[in-house]
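**Q** need coordinates for the following:
(2 chains)
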Protein chains: 2
Amino acid sequence: MFTGARTANDFADTPVGDDELTAVWELARWAPTAGNTQPLRVLYVHPGAGRERLVEHMNEGNRHKTRSAPAVAVLARDTRFHEHVPVLLPFKPELKDVFAADDALRAETATFNATLQAGYFILAVRARGLAAGPMAGFDAAGVDATFFPDGRYRSILVVNIGHPGENPWFGRLPRLDLDDVLQWV
Amino acid sequence: MFTGARTANDFADTPVGDDELTAVWELARWAPTAGNTQPLRVLYVHPGAGRERLVEHMNEGNRHKTRSAPAVAVLARDTRFHEHVPVLLPFKPELKDVFAADDALRAETATFNATLQAGYFILAVRARGLAAGPMAGFDAAGVDATFFPDGRYRSILVVNIGHPGENPWFGRLPRLDLDDVLQWV
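**A** Sure, this is the predicted structure:
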C-alpha cells in the first residue's frame, strides 16, 4: 500500500462500482481526527455531464486524466463540521459552541483535519486494491461554485480512481534521504 | 490498520527502538505529495531531558500521555522545502524559483502537503504494528522555539508511539453516517 503503489496517471477501462467507492470511505472513516471532528466530505463524480462540469475547472494538464478516470472524488472540508460535535463527541458537546464562537479556530480545525483525512482517503483507495491519482491543480472556487453552491463545503483535493492501466506509472520520483527528514533528540 | 486500530492513550512499557521508528518513515515517505514536495519533517524525542522539554509545551491533558509514551514524534513542516525541488522533481527544477518568489503559495503548499503526510505517518505507525496517539493540543510556538530555534521548521502535530498497553483504548467514538459524508453526481 505504501511501497508498491504509485500515483496513477492512466487507468484501465474497468469501471469502478459505487459499492467499491463506498467501501473506500468505510475504511478511511475510522482513522483519527482531533476531537473526532471528521470534517472531510466526499463528492463522487460519475462519468457524464457532472464529470464534464468538473473537468472545466481542472488545470489544463489534469483534464485528460480527470475525463478518462473511471471514478473521481472531490474531497472537501465541511465549514460547519461543528454541528455534528454533540453526536461525535458525546462527552464534550459544548465543543460545538466553542467552534461556533471562534471562526479562526473552526477554519483551522476543518482544514487541518480534513487534510489528514485526505491522506487517509488516498491510502484507503489503495487498500481497496484501486489506484489513486490525487491532483491539487484545479480552480477550487470554480469547483465550489459548481458543486457546493451554498458555500458550506470547500474543495481541497481531487482524486482520480480506477484500476491500474497498461502503463499507469511514471518512473518513481526520488524521496528525500532519511537524514533530510529525521532528527533525534 | 484502519478498522482494527484506535488512538492509543496508554502504552506497554516495551521500548520502541530507533530502528522501528526509522522503519515507520521508510513506509510513510512513499505516499504521494503535490509536485513530490515532501515538506514533512519528523523529530523523534527520546525519553529523558528532551522529552521533559516537550512535555512543558503540551496541553495539561496531554502531559501524562506524552511523558509515558515509549516514543514521541514531533511532526513539522519545512518552510524551505522548495530547496529540495531540483532533486525531487528533476524534470521541473524551475518550480523551486516559483515557490521562492511566492510566500503564500509556499506556505500553503507546505501546510497542505505536510498535513497529508501526517495522515500517512499515522497509518504507517499502525502498519508497523505500533499504536499511535496523535495530539493537536500543544503550544506550537513553544515547541518550535525549543526544538527548531532557527525558525525553518514549524510543528503541526505530536504523535505518541508505543506498543499497545493493557487498557489502551477509550470506547470507540462514533463515525458520521455515510449519508453525512458521501454525495454523488
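**Q** CA atoms of the longest strand along chain A as PDB?
**A** If you go by DSSP state E, chain A has its longest strand at strand A:153-162. C-alpha atoms of strand A:153-162 as PDB (Å, rounded to 0.1, in the frame of the first residue of the first chain):
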ATOM      1  CA  TYR A 153     -18.200  22.700   1.600                       C
ATOM      2  CA  ARG A 154     -14.800  23.800   0.200                       C
ATOM      3  CA  SER A 155     -12.900  21.600  -2.100                       C
ATOM      4  CA  ILE A 156      -9.300  20.700  -1.100                       C
ATOM      5  CA  LEU A 157      -8.200  17.900  -3.400                       C
ATOM      6  CA  VAL A 158      -9.500  15.900  -6.500                       C
ATOM      7  CA  VAL A 159      -8.600  12.200  -6.700                       C
ATOM      8  CA  ASN A 160      -8.900  10.100  -9.800                       C
ATOM      9  CA  ILE A 161      -9.600   6.500  -9.000                       C
ATOM     10  CA  GLY A 162      -9.500   3.400 -11.100                       C
END
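**Q** so where is chain A shaky, pLDDT-wise?
**A** Scanning chain A for pLDDT under 70 picks out A:1-9, A:166-171.
**Q** skip the chain neighbours and tell me the closest residue to the residue in chain A that chain B sits nearest to.
**A** Chain B sits closest to residue A:119 of chain A, with a gap of 2.4 Å, by CB to the nearest CB. Every residue, glycine included, has its C-beta placed from N, CA and C. Counting by CB to CB, 6 or more residues apart in numbering or on different chains, residue B:119 is the residue found nearest to residue A:119 once chain neighbours are left out, at 2.4 Å.
**Q** quick one on the thing from earlier: just how off-centre is the helix or strand that comes right after the longest strand of chain A within its chain?
**A** Scanning forward in sequence from strand A:153-162 by DSSP states H and E, the next helix or strand is helix A:178-181. Here helix A:178-181 is found 27 Å from its chain centre; the criterion is CA atoms, centre = their mean, to the nearest Å.
**Q** in helix A:178-181, what's buried?
**A** residue A:181 (16 or more other CB atoms under 10 Å in any protein chain shown).
**Q** ditto for stretch A:28-42
**A** A:28-42.
**Q** so how far is that stretch off the chain centroid?
**A** Per CA atoms, centre = their mean, the displacement of stretch A:28-42 from the mean C-alpha position of its chain is 12 Å.
**Q** follow-up on the earlier one: list the helices and strands the longest strand of chain A packs on?
**A** When contacts are defined as 3 or more CB pairs under 8 Å, 6 or more residues apart in numbering or on different chains; DSSP states H and E, strand A:153-162 packs onto helix A:60-68, strand A:71-78, helix A:103-127, strand A:131-135, helix A:140-147.
**Q** in PDB, list the C-alpha atoms belonging to stretch A:72-90.
**A** Extracted as PDB, the C-alpha positions of stretch A:72-90 are listed here (Å, rounded to 0.1, in the frame of the first residue of the first chain):
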ATOM      1  CA  VAL A  72     -13.400  10.800  -9.500                       C
ATOM      2  CA  ALA A  73     -13.700  12.000  -5.900                       C
ATOM      3  CA  VAL A  74     -13.800  15.700  -4.900                       C
ATOM      4  CA  LEU A  75     -12.600  15.900  -1.300                       C
ATOM      5  CA  ALA A  76     -13.900  18.900   0.600                       C
ATOM      6  CA  ARG A  77     -13.900  20.300   4.100                       C
ATOM      7  CA  ASP A  78     -17.200  21.000   5.800                       C
ATOM      8  CA  THR A  79     -17.000  24.500   7.200                       C
ATOM      9  CA  ARG A  80     -19.900  23.700   9.600                       C
ATOM     10  CA  PHE A  81     -18.500  20.400  10.800                       C
ATOM     11  CA  HIS A  82     -19.100  21.500  14.400                       C
ATOM     12  CA  GLU A  83     -22.800  20.900  14.100                       C
ATOM     13  CA  HIS A  84     -22.000  17.200  14.400                       C
ATOM     14  CA  VAL A  85     -20.000  17.600  17.600                       C
ATOM     15  CA  PRO A  86     -22.700  16.600  20.100                       C
ATOM     16  CA  VAL A  87     -23.100  13.200  18.300                       C
ATOM     17  CA  LEU A  88     -19.400  12.600  17.500                       C
ATOM     18  CA  LEU A  89     -18.000  13.700  20.900                       C
ATOM     19  CA  PRO A  90     -20.900  13.000  23.300                       C
END
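**Q** tell me the buried residues in it?
**A** Within stretch A:72-90, the residues that count as buried by 16+ other CB under 10 Å are A:72-79, A:81-82, A:84-85, A:87-89.
**Q** with stretch A:142-157 instead?
**A** Within stretch A:142-157, judged by 16+ other CB under 10 Å, the buried ones are A:143, A:144, A:146, A:147, A:148, A:153, A:154, A:155, A:156, A:157.
**Q** what's the first-to-last distance across that stretch?
**A** 13 Å (CA to CA, to the nearest Å).
**Q** look at stretch A:45-54 and report the distance between its end residues.
**A** End to end - CA to CA - stretch A:45-54 spans 8 Å.
**Q** and for it, what's in contact with it?
**A** Residues outside stretch A:45-54 that contact it (CB atoms under 8 Å, 6 or more residues apart in numbering or on different chains) are A:66-67, A:70-74, A:143, A:146-147, A:158, B:184-185.
**Q** how close does the residue nearest to residue A:29 when sequence neighbours are not counted sit to residue A:89?
**A** Excluding the flanking residues, the one nearest residue A:29 by CB to CB, 6+ apart is residue B:175, at 4.7 Å. Distance, residue B:175 to residue A:89, using CB to CB, to the nearest Å: 12 Å.
**Q** rebuild the helices and strands packed on strand A:153-162 as JSON lines, extending it with distance to residue B:24.
**A** Listed next are those as JSON lines, based on distance: least, CB to CB, whole Å:
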{"stretch": "helix A:60-68", "distance to residue B:24": "31"}
{"stretch": "strand A:71-78", "distance to residue B:24": "25"}
{"stretch": "helix A:103-127", "distance to residue B:24": "14"}
{"stretch": "strand A:131-135", "distance to residue B:24": "21"}
{"stretch": "helix A:140-147", "distance to residue B:24": "32"}
